[in-house]
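Trainee: Let's see this in three dimensions:
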Amino acid sequence: MDRELKRTEKAELMGLLFLHGMAMASWFVPLSSVLDAAGMGAIKSMAFAATAIAALLSPLFFGAMADRSALPATVLRWVSVATAIMVLWIAWGVDLKWNTWFVLCLIQVQSLFLVPTSSLAGSIVLFRLMNSKDQYGSIRALGTIGWMAGCWTTSLLGFDTSPKAFYLSGVLWLIVAAYTLVLQRYSYASPSRKHVSLRERFGLDALSLLRNHDHRVVFMTSTLVAIPFAAFYPFTPLHLSDLGFERLSAWMSLGQVSEVVAMIAIGGILARWRLKWTIMAGLVFGLMRYGLYAINIRVPVLIGLGLHGFAFTFTYISTQIYLAKRVEAEWQSRAQALLSLLSGGIGNLTGYLITGAWMQFCRTSNGVQWTEYWLGLATIVLLVLIYFSIGYRGKS
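Mentor: You can find the predicted model right below:
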């Protein structure tokens with residue numbers, strides 16, 4: 001197969017990530033405010049945790065299916081359809097004020113289908129790229145731009161606190177499913193075997209990737225750093241509010257703007273730097289971000305907020321590129337799914353619990369001691385940085 005990327009194919013891959021980002025944003029961004037407006041605020045934290053729980057269960061199963069039994073684009077199509085059906089069902093339930101806990105059950109089931117879509121879309125794009133170091137960043141930037149477009153569309157339509165946001169998301173997921181039809185011609189599937197063990201069907205054989213020393217260090221780094229990084233979205237808005245900021249969503253978008261810049265720049269950076277130094281740079285940016293937060297003054301906090309895109313891109317996108325370069329093609333979907341399980345599942349879920357408990361510890365009668373809070377998380381980032389710098393060897 002000729003893997004040279006043509007201009008039309010690059011546009012098609014960008015279109016996939018744009019639509020995927022837009023569908024994701026139209027669900028996640030208004031989720032909290034829609035549940036509050038419907039009187040279901042009691043399940044907010046559990047609704048967000050549902051994605052972390054789902055990341056422990058479903059990505060490896062669907063990743064293994066995409067590697068062995070079906071084209072990745074086909075698997076993505078059907079999980080997108082299932083996500084759309086569940087989102088529309090949830091929208092209907094919220095609209096009609098169904099039992100709150102039944103709605104939470106629907107959200108958990110929906111998350112089982114939604115979570116694998118990111119690793120599936122990423123593996124489709126990365127497999128097609130001949131030089132992922134140079135090409136992936138600019139293409140992946142369209143995912144972030146799509147996320148921003150989803151936010152703007154939801155707000156412009158006035159759906160921020162309405163179940164109509166979920167109806168919009170359901171329609172967008174159906175569009176993603178339809179769009180996968182144009183990707184069929186350059187997706188791949190490994191030859192199917194007659195005898196596949198239960199362990200292989202559920203993708204658990206992907207754990208064998210951890211036998212490789214560098215793979216293990218990279219996966220562990222992504223998992224461990226996800227713990228302190230999990231505090232960014234839940235607690236940055238609260239910190240901004242304590243500092244007197246209004247229009248918090250607009251200020252938070254600074255992180256997305258820097259994310260787009262970092263993704264466009266990462267191709268040139270990886271052409272000059274080893275992947276090890278790029279991932280370390282992401283960890284350093286994450287350390288600087290929380291260090292600036294700890295100053296607890298408006299300008300340094302905004303500068304730290306602007307570093308989010310560099311911390312995320314240089315750490316996680318570089319890790320995806322590492323897997324694309326160092327893992328065999330027939331393992332690509334499972335490798336990306338394992339990253340989703342370890343980082344988005346174990347790392348995020350542990351991070352929500354630890355950073356939330358640390359928040360309660362740092363809360364006094366005078367409010368949150370933000371300097372103490374962010375310095376504690378910065379210490380964890382520093383330890384992860386030391387672990388990666390010592391543990392990762394790289395190709396000679």
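
Trainee: Tell me how many other residues crowd residue 97.
Mentor: 12 (other CB atoms under 10 Å). C-beta here means a position set from N, CA and C on the backbone, and glycine is covered the same way.

Trainee: ok, the closest residue to it other than its chain neighbours - contacts?
Mentor: Nearest residue to residue 97 in three dimensions, chain neighbours excluded: residue 38, at 6.6 Å (CB to CB, 6 or more residues apart in numbering). Going by CB atoms under 8 Å, 6 or more residues apart in numbering, residue 38 touches 94, 97, 163.

Trainee: Reformat these into a markdown table and put pLDDT next to each item.
Mentor: Output for the contacts of residue 38, formatted as a markdown table (pLDDT from 0 to 100):
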| residue | pLDDT |
| --- | --- |
| 94 | 94 |
| 97 | 90 |
| 163 | 92 |
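
Trainee: Reformat these as CSV; add secondary structure and distance to residue 47.
Mentor: CSV is the format used below for the contacts of residue 38 (DSSP: H, G, I helix; E, B strand; the rest coil; distance: CB to CB, whole Å):
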residue, secondary structure, distance to residue 47
94, helix, 11
97, coil, 16
163, coil, 14
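
Trainee: would you list those residues in a markdown table and tack on distance to residue 220?
Mentor: Shown next, in a markdown table, are those (distance: CB to CB, whole Å):
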| residue | distance to residue 220 |
| --- | --- |
| 94 | 39 |
| 97 | 44 |
| 163 | 40 |
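
Trainee: for the residues you listed, which one is nearest residue 228?
Mentor: residue 94 (32.6 Å; CB to CB).

Trainee: Now for that closest one, how many residues are close by?
Mentor: Around residue 94 there are 23 residues (other CB under 10 Å).

Trainee: Show me what the longest helix seen in the chain is packed against.
Mentor: The longest helix of the chain (DSSP state H) is helix 7-37. Packing contacts for helix 7-37, counted by 3 or more CB pairs under 8 Å, 6 or more residues apart in numbering; DSSP states H and E, involve helix 44-55, helix 72-95, helix 116-128, helix 132-156, helix 164-179.

Trainee: how close does residue 82 sit to residue 225?
Mentor: Distance, residue 82 to residue 225, by CB to CB, to the nearest Å: 31 Å.

Trainee: Comparing the two, which residue is more hemmed in?
Mentor: residue 225 (29 against 18).

Trainee: Secondary structure element holding the spatially closest residue to the more buried one that is not a sequence neighbour?
Mentor: Of all residues not flanking residue 225 in the chain, residue 384 sits nearest, at 4.6 Å (CB to CB, 6+ apart). Assigned by DSSP states H and E, residue 384 belongs to helix 370-391.

Trainee: just checking, what packs against that helix?
Mentor: helix 213-229, helix 232-242, helix 275-295, helix 348-361.
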